[in-house]
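Engineer: attaching a predicted model along with its sequence, questions to come.
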Amino acid sequence: MKMIHKVLILGAFFVFSDTKALEFEYELSSYPTKENINNFIKSDPVSIKVCCRYPSQSEIETLNKLNLRMLKITAGFFPSEDEMNILNKYIGEYSISLSEVFPSKKDFLRMNNSNISELIINSIDFLTMGEVKAFNNFDINLRVNINHQEYPLPRHMKVLKLLKSKFTVAFRNHALPGIGHANFFNALKTKKIFTAINKFPYGEDYIGVNALSNSVIEISPDEYLYPQDVEQINKMNKTKDIYLGNQAPFSSFTIDLIKSISANKVYVKGFGEFDEQNVDIFRTAKSNIILVK
């Protein structure tokens, strides 16, 4: 009897060890308040993405009660001294995403003395030598998104190679790098992220991806998910984050496809209300599922 009992316990352990915790991400135009704070308290991890300003003192106090996985702030400029003082009172990880900015000496000082988890700078074009020299004054986790939607030429790569190796450079394109581009990008010693937009990878795209070094793959399609897409993604041996467009209506077939993706994270939009009866179906997925609302 004791042996049977031990076997049952061991079997239960393996069943529950395959069960993944979900995550929830809310995209908001304002920060949570004392009145609606309960809407964001869950048994699973929660992240909040807010545009387009920094939090006030009272909002930081509310945010500190939520124990968020990540607070993602999108703003138009670096935080002022007062805004930075408030942000430094936040207990938890947070990121700031800015576009087309050039930091001042005060911005460097504030950022480098903050507890920010990640600073993201979006650039519509490839970086200039002046921008690279300026960004190298950051002593924080910096991600530079090159949103040019074309891969760099040798003259662009020559400049990018001067960035600190601890930084991350992200490229957005309709296609992932082919096998012929692997050595070209591997010569860039920063961390690299390749984001495929609009369409899923197909054909032999995975071969080029698997030849990349020190790289993460992001896939952000506007298409519905099909079995051939899952097959392509699962052939890639890199860390992958998948940002699915709205897959509604969520048939059992679509849900099974999402659950069969083998990736780091799969972001799912449009799934409806975040109630336990609905979302538990994703707990047996191969990837960490982040439900976005």
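Structural biologist: Here it is on my side, so go on. Numbering: from 1, shown residues only.

Engineer: can you pull out the helices in the stretch 151-293 of the chain?
Structural biologist: 154-160, 182-186, 205-210, 227-234, 252-260, 276-279 (DSSP state H, counting those that start in this stretch).

Engineer: how about the ones you listed in TSV, adding mean neighbour count?
Structural biologist: For the C-beta atoms, the positions are set from N, CA and C on the backbone; glycine is no exception. Compiled in TSV, the helices of the stretch 151-293 of the chain are given as follows (neighbours: other C-beta atoms under 10 Å):
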stretch	mean neighbour count
helix 154-160	14
helix 182-186	16
helix 205-210	19
helix 227-234	17
helix 252-260	15
helix 276-279	12
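
Engineer: nearest to Ile60, of those helices?
Structural biologist: Taking C-beta to C-beta, helix 276-279 is the member of the helices of the stretch 151-293 of the chain nearest to Ile60, at 28.8 Å.

Engineer: avg pLDDT for that closest one?
Structural biologist: Averaging the model's pLDDT scores along helix 276-279 yields 71.

Engineer: also stretch 150-159?
Structural biologist: 96.

Engineer: please apply the same query to stretch 59-67.
Structural biologist: Per-residue scores along stretch 59-67 average to 97.

Engineer: output it as CSV - backbone C-alpha positions only.
Structural biologist: Extracted C-alpha coordinates of stretch 59-67, given in CSV (Å, rounded to 0.1, in the frame of the first residue of the first chain):
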residue,chain,number,x,y,z
GLU,A,59,-0.1,56.1,-8.9
ILE,A,60,3.3,54.6,-7.9
GLU,A,61,1.8,53.8,-4.5
THR,A,62,-1.0,52.0,-6.1
LEU,A,63,1.3,50.1,-8.5
ASN,A,64,3.5,49.0,-5.6
LYS,A,65,0.5,47.1,-4.2
LEU,A,66,0.1,45.1,-7.4
ASN,A,67,3.3,43.1,-7.3
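
Engineer: now the helices of the stretch 151-293 of the chain in a markdown table, with distance to Ser104?
Structural biologist: Formatted as a markdown table, the helices of the stretch 151-293 of the chain follow (distance: least, C-beta to C-beta, whole Å):
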| stretch | distance to Ser104 |
| --- | --- |
| helix 154-160 | 21 |
| helix 182-186 | 32 |
| helix 205-210 | 38 |
| helix 227-234 | 42 |
| helix 252-260 | 44 |
| helix 276-279 | 44 |
